[in-house]
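> pasting the sequence and the predicted model now:
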Amino acid sequence: MRVLIVDDDAGIRRTTRIAVETAGHAAAEAPNGARALKSLEDEAFDACFLDLKLGGEDGLDVLARLLKAQPSLAVVMFTAYANIATAVEAMRRGAFDFIPKPFTPDQIRAVLAKIEKNRVLESRVQSLETQLADASPAVDVASSDTSVQRAYEIAFKAAETHATILILGPSGTGKSVLAREVHKRSPRRDGPFVTVNCPSLSRELLESELFGHVKGAFTSAVADTLGKVAAAEGGTLFLDEIGELPLEIQPKLLRLMQEREYERVGEARLRRADVRVITATNRNLGDEVRAGRFREDLFYRLNVITVLLPALKERPADLLRFAESYRKYFASRIGKKAVSFSPAVISAFAAYPWPGNLRELRNVIERAVILSPADTIELSDLPEEFGAKANPAVAIGARVTLEALESEHIRRIVATSRNLDEAARTLGIDPATLYRKRQKLGLL
């Protein structure tokens, strides 16, 4: 690493430099704030040791100027005037660490090792973020449909505030993608974005996942757990499929939203939370309130800003653009440079109802790009329901066998689910039973 040492005492600079260089790093010196800033202008540094008292200068003021010039700089304050108050203030203003004088070479080397470890972790996070970005097509928040344009306009205007947002729409229409985009455009963009999938767990486990628990709160609680609310501190908490939140947990969510307070499971202590809540559902919450499955007061608390994402079949002007985006993305991932849709495929896409919306469109195109033997995707590369070989539509009341009805229902549920576990829950069977049924019906 490149390390800058800023101290008005030449002896301290020399001692620190020796410790830095024996740890395998390069060092430069500056006797005051002006020289330190000039050094940052000339080259980039990874770390800086800065004295709290620089002659007539206040080291905390110099700290602010250094971080303004190079925000990623890890600044370690050291001084003979060490006390808790100055340490807290230095850290509050952005210092990485704090070392009191007199210090030992081992203390210098220890804090350098800590900075190095932190840099490695930051590098890994950046690498993972890049991998995640590469694992999905670029987020498309443009639309030729006026209703969708209006929905985006409302969402992004509300993103600049701290208002609660409720995103409505069928499964697979991109509600979670929009929620994340709102977070990226909000004042909390530098904070965490934490998702809780409400129907994924039992009431007891969901409450623990959301609010955390203390050791011994229940049989499997072998250690304290912070919970997703704490994990989202300073950022956004996204509650997906809020319409399926158990009635027993709803008062606790209401308190979180109204009072910014919550309790961990098994603990009587009130904790404060600084989170922005965004929710999404494919249910009609008004109907859920009337049926007694959703609290009216919570509904009105959530229903501050409402954004409706229509089904894919209701936005035909966007269909081909999404299809082209997925086609290019999946073709590039497997090294196919010139893949296109045949006119018959484009017509079939326009005629298909897309019950699984964008999620189904993505799956269909990924499959077609992989299976297509040529540069042009044909009807034969699509699932059977798109081709001439498709069976007549299977609907309730049609003159078809129960087996045909079951087969079509399972196929559609699997096509519109995130994974087989979710499909099994929707069907009311376990994943092993779903596998056996798909095997028996020739759906594998």
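It's in.
> which residue packs closest to E248, ignoring adjacent ones?
In this structure, E248 finds its nearest non-sequential neighbour in R203, 5.8 Å apart by CB to CB, 6 or more residues apart in numbering. (Glycine included, C-beta is placed from N, CA and C.)
> what's near enough to touch that neighbour?
By CB atoms under 8 Å, 6 or more residues apart in numbering, the residues touching R203 are 246, 248-249.
> where does the stretch 251-400 of the chain have low pLDDT?
Low-confidence segments of the stretch 251-400 of the chain, defined by pLDDT under 70, span residues 338, 387-396, 398.
> what ranges do the helices span in it?
Secondary structure of the stretch 251-400 of the chain (DSSP state H, counting those that start in this stretch): helices at 285-290, 296-302, 316-333, 343-351, 357-371.
> so which bits of the third one are buried?
Spelled out, it's helix 316-333. Buried residues in helix 316-333, counting neighbours by 16 or more other CB atoms under 10 Å, are found at 318-319, 322-323, 325-331.
> list just the nearest of the residues you listed to F386.
A323 (12.2 Å; CB to CB).
> for the helix or strand where L63 lies, packing partners?
In the assignment (DSSP states H and E), L63 maps to helix 59-69. When contacts are defined as 3 or more CB pairs under 8 Å, 6 or more residues apart in numbering; DSSP states H and E, helix 59-69 sits against helix 33-42, strand 47-51, strand 74-79, helix 84-92.
> distance between it and the chain's centre?
32 Å (CA atoms, centre = their mean, to the nearest Å).
> what comes into contact with it?
Taking CB under 8 Å, 6+ apart as the rule, helix 59-69 contacts 6, 33, 36-37, 40-41, 48, 50-54, 73, 75, 77, 79, 89-90, 93-95.
> spatially central, which residue of this protein would that be?
Centroid check for the chain by CA atoms, centre = their mean gives F193 as the closest residue, at 4.6 Å.
> does that residue touch T236 like I think?
Yes: using CB atoms under 8 Å, F193 makes contact with T236 at a distance of 5.0 Å.
> what do those two both touch?
Shared contacts of F193 and T236, defined by CB under 8 Å, 6+ apart, are found at H183.
> what's the following helix or strand after the helix or strand containing K114?
Here K114 sits within helix 105-134, counting by DSSP H and E. On the C-terminal side of helix 105-134, the closest following helix or strand by DSSP H and E is helix 146-159.
> the helix or strand following that following helix pairs with which strands?
Using DSSP H and E, the helix or strand that follows helix 146-159 in sequence is strand 165-168. Using DSSP bridges, the strands paired with strand 165-168 are strand 276-281 (parallel), strand 305-308 (parallel).
> would you mind writing the CA trace of the last one as CSV?
Think strand 305-308. Provided in CSV are the C-alpha atoms of strand 305-308 (Å, rounded to 0.1, in the frame of the first residue of the first chain):
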residue,chain,number,x,y,z
ILE,A,305,-47.8,5.8,-2.6
THR,A,306,-49.2,3.0,-4.8
VAL,A,307,-47.7,1.8,-8.0
LEU,A,308,-49.4,-0.7,-10.3
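> got the buried residues for that strand?
Neighbour counts using 16+ other CB under 10 Å place 305-307 of strand 305-308 among the buried residues.
> returning to what we had before: of the contacts of R203, closest to A291?
Of all the contacts of R203, P246 has the smallest distance to A291: 14.4 Å, by CB to CB.
> that closest one should be in a helix, yeah?
No: counting by DSSP: H, G, I helix; E, B strand; the rest coil, P246 is not found in a helix; it is coil.
> which pLDDT value does the model give it?
We have a pLDDT of 92 for P246.
> list the contacts for it?
203, 206.
> ok, now A232?
191-194, 273, 275.
> show me which pair in these is furthest apart.
F193 and A273 (15.2 Å).
> got phi/psi on G266?
phi 90, psi 10 (degrees, to the nearest 10).
> now for the nearest residue to it once chain neighbours are set aside, how many residues are close by?
Nearest residue to G266, sequence neighbours excluded (CB to CB, 6+ apart): A217, at 2.7 Å. By other CB atoms under 10 Å, 18 other residues sit near A217.
> as CSV, the helices and strands packed on helix 59-69 with mean pLDDT would be great.
Putting those into CSV (pLDDT from 0 to 100) gives the following:
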stretch, mean pLDDT
helix 33-42, 90
strand 47-51, 92
strand 74-79, 88
helix 84-92, 77
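> okay, the ones you listed, which one's buried deepest?
strand 47-51 (a mean of 26; mean count of other CB atoms under 10 Å).
> contact partners of the helix or strand that that one is followed by?
Using DSSP H and E, the helix or strand that follows strand 47-51 in sequence is strand 53-54. Residues outside strand 53-54 that contact it (CB under 8 Å, 6+ apart): 6-8, 31-33, 59, 62, 79-81.
> buried ones from these, can you make that a PyMOL selection?
In PyMOL syntax, the buried subset of these is picked out as below (16+ other CB under 10 Å):
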select buried, resi 6+7+8+31+32+33+59+62+79
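> nearest residue to L371 other than its sequence neighbours?
Take L371 and drop its neighbours on the chain: the residue closest to it by CB to CB, 6+ apart is D381, 5.2 Å away.
> quick one on the thing from earlier: any chance of the strands paired with strand 165-168 in a markdown table with distance to L443 as columns?
Shown next, in a markdown table, are these (distance: least, CB to CB, whole Å):
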| stretch | distance to L443 |
| --- | --- |
| strand 276-281 | 29 |
| strand 305-308 | 33 |
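> mind checking the pLDDT average for stretch 436-444?
Mean predicted lDDT for stretch 436-444 stands at 78.
> so where's the stretch 101-250 of the chain shaky on pLDDT?
123, 126-140, 220.
> picking that back up, separation between the residue nearest to E248 and A291?
If you measure R203 against A291 using CB to CB, to the nearest Å, the figure is 18 Å.
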